[in-house]
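*Asks:* After the sequence you'll find the predicted model.
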Amino acid sequence: MAYELSLEYYKGPLDKLLDFIEEKKLEVSTLSLVAVTSDFLAYLEKLKKGETQSQVPAELLADFLVIASRLLLLKSKALLPSLTLSEEEEGEIKDLEMRLKIYQEIKSSQIHIKENWRESPQMLSREFLMNRAVIFYPPKKVGQPEILKSFQAILGELEQVFKPVATIKNEIINLKKKIEEIIGRLTATPLKFTDLPTGKGRNELIVLFLAVLHLIKDQLIVADQEDGFSEITIALRPFDKTQGKQAQDNHESH
Amino acid sequence: MNQLEITKQAELEALLFYYGEPIQLKKLASLLKIKEEECANLLNELDAALRENYSRGLTLVRGEKEVQLATKPAFQSIGQKLIEEEFKETLTPAALDTLSIIAYLGPLPRAKIDYLRGVNSSFTVRNLLMRGLVERDPNPAKGNIYEYRVSFDFLKHLGLSEREELPEYEKYKDVLKRFDLENSEQTEAKINLPQT
Amino acid sequence: MNQLEITKQAELEALLFYYGEPIQLKKLASLLKIKEEECANLLNELDAALRENYSRGLTLVRGEKEVQLATKPAFQSIGQKLIEEEFKETLTPAALDTLSIIAYLGPLPRAKIDYLRGVNSSFTVRNLLMRGLVERDPNPAKGNIYEYRVSFDFLKHLGLSEREELPEYEKYKDVLKRFDLENSEQTEAKINLPQT
């Protein structure tokens, strides 16, 4: 359980995102989300590299990646106004903004729990039938088959509890597809670099995408270790041509 | 109070003392051979008597369906020496985050906790369940989904007789309503996380 | 009574309530930080208050050197009824789960039962204990931790003379080891995040 325990000491992605926004003394809005995207990705990179105190659980990174992909969408839209987002994507971004507002509000309640919490209970109660002697009361309708059946059911549930890896893998694969798809759309956008409002906009975006893909790739490898799945390579063909050097560097480092 | 009420009052105290653990209001009423409303009245009277009388060391801990007799928070220091190590509980940041959501907004399903925190909370919630700080019941409408709420043990660490005594409870309890998330299918549909 | 006496009176009630067992007068006075004579006076006052007040369900049981808080004898029958109600029914799903874990995997400590069930089992285990289905012994290595196993009475009730005769016992007896092992292997696999 030690591995899962470390999870208990990390902030979640919303919590961290809120930190970045509050550090910049901003209100929660689409604009402030764009403003902190790079901070968020940099933190994610740090988490992944294990530059924090203990190893970061894959589950947590997966949750961070989900939020990262939404931030990227938002940033893409800000940098490339011609990029059209689907209704679903627009919804996802609105949803993120709203969730952050809710989280900000709920988080402020934590202080009350924290301040009033005592390690030992402040109120004490008695045990069940405290001063009574034990008397044997056999249960009705409980024989050997019932005991066996109940025990087997518990073991079945345990199998489920300790196999969350497959789900995480699926989530990450979906995320990967999604980002690749966005990259596809970007390259298909009939735009020349000179058409962009700021020349470095597109570059910045590509760097961000690569960073996220790279994070996801590592996550896939981790999740795959469980069943010895072969390593998944990420196709970056469209970029090999236009942004050859960048993508190439990234490829070779693995 | 008439004679009968006085006797019922005494029986109530004896039962709560004897049972020790949180007892179902339904069970209590049936044992006292009174209606649940009458039982609620008796409990209100007992509650008031305990609060008003400074020579009493006991108080009630009350939930929607259960009630328990416990010592008043003021006497924690005396009991301190007698408290066993196993009752000591510290909160990690994830536990604090999750507990405050369940305390102010519960009962709520895990999918909603995950959604609000933006994190898969299965391990944290399981841990809180094991420590007895959180309890779960199947949602009455959808039996395959659990709803989570804080336990009496959680209240006792904070020294509260009921959840409504949480600081600024009124302010927070309707946060989801304000964001129109109260019954939103959206939250459940969007995150397809495994249920614990 | 003056303010201090009132507070001590409340502290006395809280202590006796929580302690449960007969407590030495000497120990009581020391915990309350008062002299033994003062303590005796407080007890006399509490005794009188409990006797005179018919809405109280508790009484003091006093020995020469010890004292204990208990329910008034008049309420014994309602206590007995409570027990019958509690135990007449067939086991709750939680109790059956816990009992089956203890049957196949005992002797084992409560923490492990909690871990396997994913919820706190203290009340359920206590319930099985009071019902005579389960027994406990201190762990020989760690004296302050109890280990739980099924009682002979319960085995007899199942028609068995020893636990090893449970259906498919051999198949399951080492299952705990497997889960511990699986969990730790998984842990290692996940911790080895590739470094770039």
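*Replies:* Arrived safely.

*Asks:* so where's chain B uncertain?
*Replies:* Within chain B, the segments meeting pLDDT under 70 span B:79, B:180-196.

*Asks:* For it, just list every one of the strands.
*Replies:* With strands called from DSSP state E, chain B shows them at B:23-24, B:58-62, B:66-71, B:108-109, B:134-138, B:146-150.

*Asks:* can you list those in CSV and add mean neighbour count?
*Replies:* Glycine gets a C-beta too; all of them are placed from N, C-alpha and C. Listed next are those as CSV, based on neighbours: other C-beta atoms under 10 Å in any protein chain shown:
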stretch, mean neighbour count
strand B:23-24, 17
strand B:58-62, 21
strand B:66-71, 24
strand B:108-109, 19
strand B:134-138, 19
strand B:146-150, 21
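
*Asks:* For chain A, which of these is the nearest?
*Replies:* strand B:66-71 (4.1 Å; C-beta to the nearest C-beta).

*Asks:* picking that back up, what would the strands of chain B look like in CSV with distance to residue C:115?
*Replies:* Formatted as CSV, these follow (distance: least, C-beta to C-beta, whole Å):
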stretch, distance to residue C:115
strand B:23-24, 27
strand B:58-62, 27
strand B:66-71, 25
strand B:108-109, 23
strand B:134-138, 16
strand B:146-150, 18
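
*Asks:* Any idea how many residues pack against residue 124?
*Replies:* Just going to use chain A. 24 (other C-beta atoms under 10 Å in any protein chain shown).

*Asks:* Let me rephrase: I mean chain B.
*Replies:* So residue B:124, with other C-beta under 10 Å, has 27 neighbours.

*Asks:* same check, this time on residue B:174
*Replies:* Residue B:174, neighbours per other C-beta under 10 Å, totals 12.

*Asks:* how far away is it from chain A?
*Replies:* Separation of residue B:174 from chain A (C-beta to the nearest C-beta, to the nearest Å): 11 Å.

*Asks:* likewise residue B:126?
*Replies:* Residue B:126 is 7 Å from chain A, by C-beta to the nearest C-beta.

*Asks:* follow-up on the earlier one: what would the strands of chain B look like in a markdown table with distance to chain C?
*Replies:* As requested, those are exported to a markdown table (distance: least, C-beta to the nearest C-beta, whole Å):
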| stretch | distance to chain C |
| --- | --- |
| strand B:23-24 | 9 |
| strand B:58-62 | 6 |
| strand B:66-71 | 4 |
| strand B:108-109 | 16 |
| strand B:134-138 | 7 |
| strand B:146-150 | 10 |
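
*Asks:* Which one of the ones you listed lies nearest to residue C:39?
*Replies:* When the strands of chain B are compared by C-beta to C-beta, strand B:66-71 sits nearest residue C:39, at 18.2 Å.

*Asks:* Just the CA coordinates for that closest one, please, in PDB.
*Replies:* What follows is strand B:66-71, C-alpha atoms only, in PDB (Å, rounded to 0.1, in the frame of the first residue of the first chain):
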ATOM      1  CA  GLU B  66     -29.000   7.200  14.000                       C
ATOM      2  CA  VAL B  67     -28.200   8.500  17.400                       C
ATOM      3  CA  GLN B  68     -25.500   7.800  20.000                       C
ATOM      4  CA  LEU B  69     -24.500   8.900  23.500                       C
ATOM      5  CA  ALA B  70     -21.000  10.300  23.900                       C
ATOM      6  CA  THR B  71     -19.000  12.400  26.200                       C
END
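
*Asks:* Now do it against strand B:58-62, angle only.
*Replies:* 150 degrees (axes from the mean of the first three to the mean of the last three C-alpha atoms, to 10 degrees).

*Asks:* Pull the distance from stretch B:164-183 to the chain's centre.
*Replies:* 16 Å (C-alpha atoms, centre = their mean, to the nearest Å).

*Asks:* scratch that, stretch B:38-45
*Replies:* 18 Å.

*Asks:* Counting neighbours, which bits of it end up buried?
*Replies:* B:39-40, B:42-43, B:45 (16 or more other C-beta atoms under 10 Å in any protein chain shown).

*Asks:* Which members of these additionally contact chain A?
*Replies:* When C-beta under 8 Å from any C-beta of the partner chain is taken as the criterion, no member of those contacts chain A.

*Asks:* ok, so of those, who is nearest chain A?
*Replies:* Using C-beta to the nearest C-beta, these come closest to chain A at residue B:43, 15.7 Å.

*Asks:* residue contacts, residue B:92?
*Replies:* Applying C-beta atoms under 8 Å, 6 or more residues apart in numbering or on different chains, we find residue B:92 in contact with A:8-9.

*Asks:* for residue B:125, same thing?
*Replies:* Residue B:125 makes contact with B:98, B:110, B:113, B:134, B:148, B:196, according to C-beta under 8 Å, 6+ apart.

*Asks:* quick one: the helices in chain A?
*Replies:* A:2-7, A:13-23, A:30-48, A:58-79, A:87-107, A:110-116, A:144-161, A:165-188, A:200-225, A:237-242, A:244-252 (DSSP state H).

*Asks:* Next one: the third one, is it in contact with chain B?
*Replies:* No - under the criterion of C-beta under 8 Å from any C-beta, chain B is not reached by helix A:30-48; the shortest gap measures 12.0 Å.

*Asks:* Would you mark the buried spots in that helix?
*Replies:* A:32-41, A:43-44, A:47-48.

*Asks:* Which residues does that helix contact?
*Replies:* A:10, A:13, A:16-17, A:20-21, A:24, A:26, A:52, A:56, A:60-61, A:64-65, A:67-68, A:71-72, A:74-75, A:78, A:93, A:96-97, A:100, A:208, A:211-212, A:215, A:218, C:193, C:196.

*Asks:* Dump it to PDB, keeping only the CA atoms.
*Replies:* Listed next in PDB are the C-alpha coordinates belonging to helix A:30-48 (Å, rounded to 0.1, in the frame of the first residue of the first chain):
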ATOM      1  CA  THR A  30     -10.800  31.000 -19.800                       C
ATOM      2  CA  LEU A  31      -8.200  33.700 -20.100                       C
ATOM      3  CA  SER A  32      -6.400  32.800 -16.800                       C
ATOM      4  CA  LEU A  33      -6.400  29.100 -17.800                       C
ATOM      5  CA  VAL A  34      -4.500  30.000 -21.000                       C
ATOM      6  CA  ALA A  35      -2.200  32.100 -18.900                       C
ATOM      7  CA  VAL A  36      -1.200  29.100 -16.700                       C
ATOM      8  CA  THR A  37      -1.000  26.400 -19.200                       C
ATOM      9  CA  SER A  38       2.700  26.400 -19.500                       C
ATOM     10  CA  ASP A  39       3.100  26.400 -15.700                       C
ATOM     11  CA  PHE A  40       0.800  23.400 -15.500                       C
ATOM     12  CA  LEU A  41       2.700  21.500 -18.200                       C
ATOM     13  CA  ALA A  42       6.000  22.300 -16.600                       C
ATOM     14  CA  TYR A  43       4.800  21.000 -13.300                       C
ATOM     15  CA  LEU A  44       3.500  17.900 -15.000                       C
ATOM     16  CA  GLU A  45       6.900  17.300 -16.500                       C
ATOM     17  CA  LYS A  46       8.500  17.700 -13.100                       C
ATOM     18  CA  LEU A  47       6.100  15.200 -11.600                       C
ATOM     19  CA  LYS A  48       6.800  12.700 -14.300                       C
END
